[in-house]
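K.L.:
Take a look and give me a structure for this.
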Amino acid sequence: MLSHISPGGAVLGRYTLKYFLLLAGYLVGVLIWLGIAAGLAIWLNGRHLDQLRQYIGEHLNLWLGGLGIVIAGIVGFRCALLSLIIVLPGSYASTMAVVPALFLVPLIVLVALIADPPLLDAADQKLNMLPRAIIEQRQLAVIVGFCLIAASYLIFLIRPAFWDHVLGLDSSVHIYLGQHVLDGGIPYHTIFYIHPPMRFVVSLLWSLGAALTGLSVVTFSRLFELGISVGVLAALYAVGREFTGRKVGGLLAAVLLLGTEHMHQLLITGPTFRLTTVLFMLLGIWMAQRKRWFWAGLFGSAAALLWAPASISLAAMLIAALLQKEQPKLRAIFLVVSGAMLLAGILYGGLLIVGSASEAFRQNVSTVWNLVSSKFVPGQDETAASSRGFFSKLRWFGRVFKWLLRGDWELAALMVVGFPILFIRHGLVDTLRRPELSVLTLSTVLMAGAFWLNFDGSMRDSIMLVVLLAPFGAGVPVWGINRLTRLKQVAARSSLLSSLEWFAAGLVLLLGLADSFKHQDYLYSSCAYSLAEQTEMANELAGMLEPGQTVLGVGSLWYQALTDQQNPSPVIQLGGLAKRALRISGWTDEAIVESYEQEAPLVVMIWPEPGAGEIAEWLDEYYHLVGEIDPDNGGFSQQVYIRQGNPEIEELLEGWPLTSK
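P.N.:
I've put the predicted structure just below:
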């Protein structure tokens, strides 16, 4: 099996018998091992167990070395599968995903059964042969460990292609918001936007930073996002440390998030507001864990004002403040509300000054309320998920997360198992009364409920749940190792406990990142063209336009973002949620067409496809379709239309990488 190394997928044929024999032998070995493990568990009692412990103590180096080789071999084999060093046919590969667990579970059970104070003391003496600085300076080790993880993450993620990745659907809109305000636009008045106002603030920071540094706004925004991503890891470390009570628990939580590739994808395909939302949400949860209720409300409000469903964390903070007993309940609730209202008051007060507060309320607050209420009224929910029954929806979620967490099933198992273990360890009442546990627990439950109501299956949405589950996953090895070493004296078990925790963190990081390069390769290679080519296309088109001629962007505003040109209409999106918001705000198809035709744009780039209706009729009357262009090669193809009677511009557009005509 090791001799067959292939850069592509393995196929049946001359390797079929070889694979069958090797895998059959491997699986038979697993079954034999499980039988032996079960037999030993039954046989190992009383005198037999004492004899085995004595024998292991006399040959401790051999047993420790053998145990390390077995675990390293299993982890190495799993990493080789994930990173495609070993390539197996699909059916075999899915079967092999279960094999390491079949080995490791009984192995861990037997180790826990055999372990006793004399054996642990002997193992501790071996560990104490390490340099004292490694054993004693744990705080420094945590700081150095976190810095190494963050630095390695940035080094391995950031390639030259990162800065030249094409500007996609959402990222182009995110950049355009700040440019629009910087050029004198008024949020929610000269631009119709369904999301909260904090997005305009962050996007404006990107545009101002680009102007001050001389960098392009795309480069600066991606640099900004890199800094935010390190902040996310630091905030998750702080939350995980409070949640598990161990510094290494914080590191494990950060490692679990890194291993899922969520941050990789959001950074490579960005810029996006989602990582900034995650950072503020985690900071709010951390402040609540430390009973700093005002700051918890402030940071929670910042997250909610970037992405409305993040307001769930604010609800969790209020419930946690009500259930805790360490501080006056009403005072804690008042501080959370005060912190939340301060930032919301500043932003909506600013909108009130510029005269767009009522429009902002209709476009985002009323839309969110209408969307949520429609989930509970039969016949009003227009999403595809509304037609699914309970079990059908459950299977759909299973398929989605199986894809999102592909190659990271070990990490997913840790996170899922960690949730019930919390209640086994602390009980329901104690969990809900301790803010360091209750805020995260309540946020996770409420976020899962929100996903059940409305979830698009994307990484940008799923990270909001994964980042909350990561500390639960970190708690599993921390709790397990603590139980394993519980029989030792406090002074004697410290170095053993710390060493095992760091070993677990290393294994989790190794398994999590094993397939990360493959995922990054896919993202970097999936684009049909680069940002440089996209910028050249936008500049060539802008250079051929005469004064007064415009380009209308709908769905994706990559042309406007790259040329710093204003869109001729405030209606920039026509997706499902945007259409709902437009109807709530009184925008009919006729009004939208009137807005589009007001400046008679020379070129129209529109997503989604208008289909039937007044918009399609307007395009058919004045324009003809040149082709489709996919800004991020992800299936969101914009249709490109040219106004009739402009052959030179049409010839330029035909030179673009259009996917169809």
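
K.L.:
What segments of the stretch 501-650 of the chain are strands?
P.N.:
551-554, 603-606, 623-629, 638-643 (DSSP state E, counting those that start in this stretch).

K.L.:
so residue 610 makes contact with residue 623?
P.N.:
No: judged on Cβ atoms under 8 Å, residue 610 makes no contact with residue 623 at a distance of 11.0 Å. Where C-beta positions appear, they are placed from N, C-alpha and C, glycine not excepted.

K.L.:
was I right about residue 414 contacting residue 473?
P.N.:
Yes: taking Cβ under 8 Å as the contact criterion, residue 414 and residue 473 are neighbours in contact, 3.6 Å apart.

K.L.:
These two: which has the busier surroundings?
P.N.:
For residue 414 versus residue 473, the count of surrounding residues by other Cβ atoms under 10 Å is larger for residue 473: 29 against 25.

K.L.:
still on that earlier bit, tell me the residues that contact both of residue 414 and residue 473, please.
P.N.:
Overlap of the contact sets of residue 414 and residue 473 (by Cβ atoms under 8 Å, 6 or more residues apart in numbering) consists of residue 256.

K.L.:
Model confidence for residue 105, exactly?
P.N.:
Residue 105 is assigned a pLDDT of 57 by the prediction.

K.L.:
oh, I was asking about residue 114
P.N.:
64.

K.L.:
Over to the one 3 residues further on?
P.N.:
Here, the pLDDT recorded for residue 117 equals 62.

K.L.:
With the one 3 residues further on instead?
P.N.:
Reading off the confidence values, residue 120 has pLDDT 61.

K.L.:
Check residue 349 too.
P.N.:
Among the per-residue scores, residue 349 holds a pLDDT of 92.

K.L.:
Please apply the same query to the one 4 residues further on.
P.N.:
Turning to residue 353, the model gives it a pLDDT of 92.

K.L.:
Please, which helix or strand holds it?
P.N.:
Under the criterion DSSP states H and E, the helix or strand holding residue 353 is helix 329-354.

K.L.:
need the strands of the stretch 501-650 of the chain in CSV with mean pLDDT, can you?
P.N.:
Formatted as CSV, the entries for the strands of the stretch 501-650 of the chain read as follows, by pLDDT from 0 to 100:
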stretch, mean pLDDT
strand 551-554, 93
strand 603-606, 93
strand 623-629, 90
strand 638-643, 92
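
K.L.:
Same list as before, those strands that is, but in JSON lines and with mean neighbour count and distance to residue 50 included.
P.N.:
Shown next, in JSON lines, are the strands of the stretch 501-650 of the chain (neighbours: other Cβ atoms under 10 Å; distance: least, Cβ to Cβ, whole Å):
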{"stretch": "strand 551-554", "mean neighbour count": "24", "distance to residue 50": "76"}
{"stretch": "strand 603-606", "mean neighbour count": "24", "distance to residue 50": "77"}
{"stretch": "strand 623-629", "mean neighbour count": "18", "distance to residue 50": "74"}
{"stretch": "strand 638-643", "mean neighbour count": "21", "distance to residue 50": "73"}
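
K.L.:
want to try a markdown table for these, with distance to residue 450 as columns?
P.N.:
A markdown table is the format used below for the strands of the stretch 501-650 of the chain (distance: least, Cβ to Cβ, whole Å):
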| stretch | distance to residue 450 |
| --- | --- |
| strand 551-554 | 28 |
| strand 603-606 | 30 |
| strand 623-629 | 34 |
| strand 638-643 | 30 |
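
K.L.:
So which residues of the stretch 301-450 of the chain form helices?
P.N.:
Counting by DSSP state H, counting those that start in this stretch, one finds helices in the stretch 301-450 of the chain at the ranges 311-323, 329-354, 357-360, 367-374, 390-404, 409-426, 428-433, 435-453.

K.L.:
Of those, which is nearest residue 578?
P.N.:
Among these, the nearest to residue 578 by Cβ to Cβ is helix 367-374 (8.8 Å).

K.L.:
That closest one - contacts with which helices or strands?
P.N.:
For helix 367-374, the contact count by 3 or more Cβ pairs under 8 Å, 6 or more residues apart in numbering; DSSP states H and E identifies helix 576-584 as packing neighbours.

K.L.:
orientation of the helix it packs on relative to helix 367-374 in degrees?
P.N.:
100 degrees (axes from the mean of the first three to the mean of the last three Cα atoms, to 10 degrees).

K.L.:
List the buried residues for helix 576-584?
P.N.:
Of the residues in helix 576-584, those with enough neighbours to count as buried (16 or more other Cβ atoms under 10 Å) are 577, 578, 579, 580, 581, 582, 584.

K.L.:
Report the backbone C-alpha coordinates of that helix in CSV.
P.N.:
Taking Å, rounded to 0.1, in the frame of the first residue of the first chain, the C-alpha atoms of helix 576-584 are listed here in CSV:
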residue,chain,number,x,y,z
GLY,A,576,-33.7,35.7,-2.0
LEU,A,577,-33.3,37.7,1.2
ALA,A,578,-32.7,41.0,-0.7
LYS,A,579,-35.9,40.5,-2.7
ARG,A,580,-37.8,40.0,0.6
ALA,A,581,-36.3,43.2,2.0
LEU,A,582,-37.1,45.1,-1.2
ARG,A,583,-40.7,44.1,-1.0
ILE,A,584,-40.9,45.1,2.6
